[in-house]
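# what's the 3D shape of this:
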Amino acid sequence: MDFHLIVISPPAIQAGESETAARLFGQGLETFHLRKPESSLAEMEMYLSSLSPEHQNKVVIHSHYELALRYPVRGIHLNENWLGAKLPTRFRGKNTSYSIHSLAALKKLKPNTDYAFLSPVFDSISKPGYKSAIDLEEASTVLKKKNRDFPGKVIALGGISEKNILKVKETGFDGAAVLGSIWSGKDPLKNFELLRSKLLQSVT
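A predicted model of the protein is given here:
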């Protein structure tokens with residue numbers, strides 16, 4: 001089973017960030033979540049337009065979903081409030097992912113779910129005080145069931161670094177989403193490569 005490493009953008013746009021994102025794609029990043037809760041439609045569009053169409057196709061957006069109709073983005077990401085709501089017709093056919101915060105919520109995922117972020121798995125790096133709320137032993141039992149009773153992949157989020165990413169994989173998650181461990185240091189590219197090399201070591 002492939003283990004997916006997903007990078008989430010910092011919440012506020014940083015100088016040179018889209019160029020860094022492009023370089024991350026060049027290093028092998030397959031999925032990038034563009035999450036800018038305070039950014040305007042124009043700012044988000046400027047960010048997307050600075051990327052090549054090939055790279056836009058690896059981007060999942062967290063807001064201003066109308067951009068998914070104008071740019072070839074991979075999909076849209078929705079919060080837990082959308083679990084009981086019907087996805088607007090115009091977005092059907094797009095990849096959809098969700099944020100959830102409990103194992104119980106896995107059963108509420110819609111049949112067309114591509115994957116879900118389950119958090120916080122560890123104490124958050126980017127949000128001080130945001131503590132782990134997932135029992136990894138219980139998660140392992142649920143995730144390693146031969147016939148899972150929920151659709152899509154489950155991606156661990158929250159406090160993931162090179163020190164614990166192999167624990168995430170061992171637990172049975174389909175991948176890990178990282179934010180603080182990438183952007184909190186001076187060199188996001190080096191941080192990404194450190195995580196990737198850790199994962200590669202586990203299969204040699």
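# for this structure, longest helix please?
helix 188-201 (DSSP state H).
# let's see it as PDB, backbone CA atoms only.
Provided in PDB are the C-alpha atoms of helix 188-201 (Å, rounded to 0.1, in the frame of the first residue of the first chain):
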ATOM      1  CA  PRO A 188      10.800  23.900   3.700                       C
ATOM      2  CA  LEU A 189      12.500  21.900   0.800                       C
ATOM      3  CA  LYS A 190      15.000  20.300   3.200                       C
ATOM      4  CA  ASN A 191      12.200  19.600   5.700                       C
ATOM      5  CA  PHE A 192      10.200  17.800   3.000                       C
ATOM      6  CA  GLU A 193      13.100  15.800   1.900                       C
ATOM      7  CA  LEU A 194      13.900  14.800   5.500                       C
ATOM      8  CA  LEU A 195      10.300  13.400   5.800                       C
ATOM      9  CA  ARG A 196      10.500  11.600   2.500                       C
ATOM     10  CA  SER A 197      13.900  10.000   3.200                       C
ATOM     11  CA  LYS A 198      12.500   8.800   6.500                       C
ATOM     12  CA  LEU A 199       9.700   7.000   4.700                       C
ATOM     13  CA  LEU A 200      12.100   5.600   2.100                       C
ATOM     14  CA  GLN A 201      14.300   4.200   4.800                       C
END
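# from the chain's centroid, how far away is it?
16 Å (C-alpha atoms, centre = their mean, to the nearest Å).
# residues in contact with it?
3, 5, 7, 20, 23-24, 27-29, 161-162, 165-166, 169, 176, 178, 181-183, 185 (C-beta atoms under 8 Å, 6 or more residues apart in numbering). Every residue, glycine included, has its C-beta placed from N, CA and C.
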